[in-house]
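> Model the following, please.
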Amino acid sequence: MEGRNVEAQDPNSTQKHRVVCCIGDLHGYVTKLQRLWTNLETLIGPSDFESALVIFLGDYCDRGPDTRKVIDFLISLPSKYPKQSHVFLCGNHDLAFGAFLGVLPRPPDGSPFSETWKEYEMNEEREGWYKGEGFENMHVQGRRWAGKITVRFNALKGTEYKGSIYDACPTFESYGVPHGSADLMKAVPDEHKKFLADLVWVHDEDNISIETEEGIKNCKLIAVHAGLEKDKEIQKQMESLKAKDTRISKVEALSGRKNVWEIPQELTKSPTIVLSGHHGKLHVEGLRLIIDQGGGLENNPVAAMVLPSRMVVRDTDDLIK
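Alright, predicted model coming up:
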């Protein structure tokens with residue numbers, strides 16, 4: 001936990017600022033999620049927490065052992081905390097999981113999902129794309145997600161792949177089926193399929209308060225799993241993301257790296273927070289907030305940031321009541 005005050009009251013004003021909890025990538029670690037949630041509830045005053053806007057930044061599945069339990073926890077929140085607002089962003093891992101289950105919206109031009117294979121088919125053999133039941137018209141990311149990668153070691157991360165390029169094996173096992181099995185399509189409960197189908201690719205809000213060196217600012221906020229592409233018109237990106245355009249083989253705003261790291265120049269004309277997870281780092285630079293300290297690695301904490309104070313809270317924080 002960083003040394004910032006979580007108080008939602010601006011000391012120089014009588015105006016109350018709504019608390020926003022921005023929760024980084026969970027990757028199947030339900031115990032970390034439970035601890036983090038308890039720490040947030042402990043640190044934030046009851047009335048502020050009860051009415052908070054809670055934004056989950058995506059990647060609920062893969063790598064960790066308890067994807068099924070993580071999704072159960074998330075599904076339970078609206079009934080347990082009815083006065084909170086919950087936003088569940090789609091991460092690249094969640095999109096791929098949903099693609100395998102067949103819950104993505106159809107391409108708007110009526111084209112088959114097999115059209116998405118073409119851009120990356122040179123990688124099919126190395127990545128061992130899924131060829132089982134239902135593959136004939138599956139989005140490319142579903143085939144990559146359930147595939148069996150031929151190389152064991154991920155040199156970039158220094159870890160062994162867990163079954164596929166997405167490390168999806170633990171997700172299959174959390175539903176009681178072996179990696180790469182079409183039985184997962186039947187094993188995943190309908191409410192989990194609906195949760196994945198309903199995930200938003202982008203979320204925007206007006207009048208979000210954030211502490212800056214010049215005091216508290218009211219800003220527009222755009223939350224998207226990886227970030228916005230710096231060289232593409234913002235309105236076109238937003239329209240495509242809100243429409244969930246599944247003609248796209250790889251959605252850069254959910255999967256990109258360097259090209260989505262910075263706030264696009266177009267958004268610097270008026271104060272806009274761009275909030276993401278995805279990058280395996282906790283990075284705060286001005287209004288660019290990247291909250292993914294866990295990166296899906298077992299020994300890393302899962303982090304959240306609380307606005308307006310910008311206090312960072314982790315599941316590993318030892319809070320004594």
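
> if I pick V302, what's in contact with it?
I23, G24, D25, L26, Y29, K32, L33, L36, Q293, G294, R314, D315 (Cβ atoms under 8 Å, 6 or more residues apart in numbering). Heads up, the C-betas are built off the backbone N, CA and C, glycines and all.

> let's see 10 Å
In this structure, V302 makes contact with 23-27, 29, 31-33, 35-36, 64, 291-296, 313-316, judged by Cβ atoms under 10 Å, 6 or more residues apart in numbering.

> by contact count, what packs against the worst-scoring helix or strand of the chain on mean pLDDT?
Taking mean pLDDT, DSSP states H and E as the measure, the helices and strands of the chain show their lowest mean at strand 153-154, namely a mean of 86. Contacting strand 153-154 under the criterion 3 or more Cβ pairs under 10 Å, 6 or more residues apart in numbering; DSSP states H and E are the following elements: strand 159-160.

> How about the contacts made by the residue nearest the centre of the chain?
Among the residues of the chain, the one closest to the centroid is G58, at 1.3 Å (Cα atoms, centre = their mean). Contacts for G58 (Cβ under 10 Å, 6+ apart) come out as 23-26, 88-95, 199-201, 223-226, 254, 276-278, 292.

> Spatially nearest residue to it, not counting backbone neighbours?
Counting by Cβ to Cβ, 6 or more residues apart in numbering, G58 lies nearest to G91, which is 2.8 Å off, once chain neighbours are set aside.

> Next: K118.
Take K118 and drop its neighbours on the chain: the residue closest to it by Cβ to Cβ, 6+ apart is S249, 7.7 Å away.

> Could you measure from the one you found over to L267?
Taking Cβ to Cβ, to the nearest Å as the criterion, S249 is separated from L267 by 26 Å.

> Now intersect the contacts of G58 with the helices, please.
Assigned to helices by DSSP state H, the following of the contacts of G58 qualify: N92, H93, D94, L95, L254.

> What separation is there between the third one and I23?
Counting by Cβ to Cβ, the gap between D94 and I23 amounts to 14 Å.

> can you check the second one too?
Plainly put, H93 is 15 Å away from I23 if you go by Cβ to Cβ.

> got it, and the first one?
In this structure, N92 lies at 17 Å from I23, with Cβ to Cβ as the measure.

> With F97 instead?
Distance of F97 to I23, computed by Cβ to Cβ: 18 Å.

> Ok, S209 next?
Counting by Cβ to Cβ, the gap between S209 and I23 amounts to 18 Å.

> go on, S276?
Taking Cβ to Cβ, one finds S276 at 12 Å from I23.

> Next: M238.
Between M238 and I23 the computed distance is 22 Å (Cβ to Cβ).

> Ok, V140 next?
Between V140 and I23 the distance, using Cβ to Cβ, works out to 28 Å.

> Show me the helices in the chain, by range?
Using DSSP H, helices in the chain cover 30-43, 46-50, 67-80, 92-101, 124-127, 140-146, 169-174, 184-187, 190-198, 234-243, 252-255.

> For N154, find the nearest of these.
Closest approach to N154 among the helices of the chain is made by helix 124-127 (12.0 Å; Cβ to Cβ).

> Give the other helices and strands that that closest one contacts.
Helix 124-127 packs on helix 140-146, going by 3+ Cβ pairs under 10 Å, 6+ apart.

> Going by neighbour count, list what's buried in the helix it packs on.
Across helix 140-146, burial judged by 16 or more other Cβ atoms under 10 Å covers V140, Q141, G142, R143, R144, W145, A146.

> And for stretch 239-259?
Neighbour-count burial for stretch 239-259, with 16+ other Cβ under 10 Å as criterion, is recorded at S240, L241, K244, T246, I248, S249, V251, E252, A253, L254, S255, G256.

> Mind pulling up the pLDDT for the fourth one?
Okay, so that is T246. In this model, T246 is scored at 98, pLDDT.
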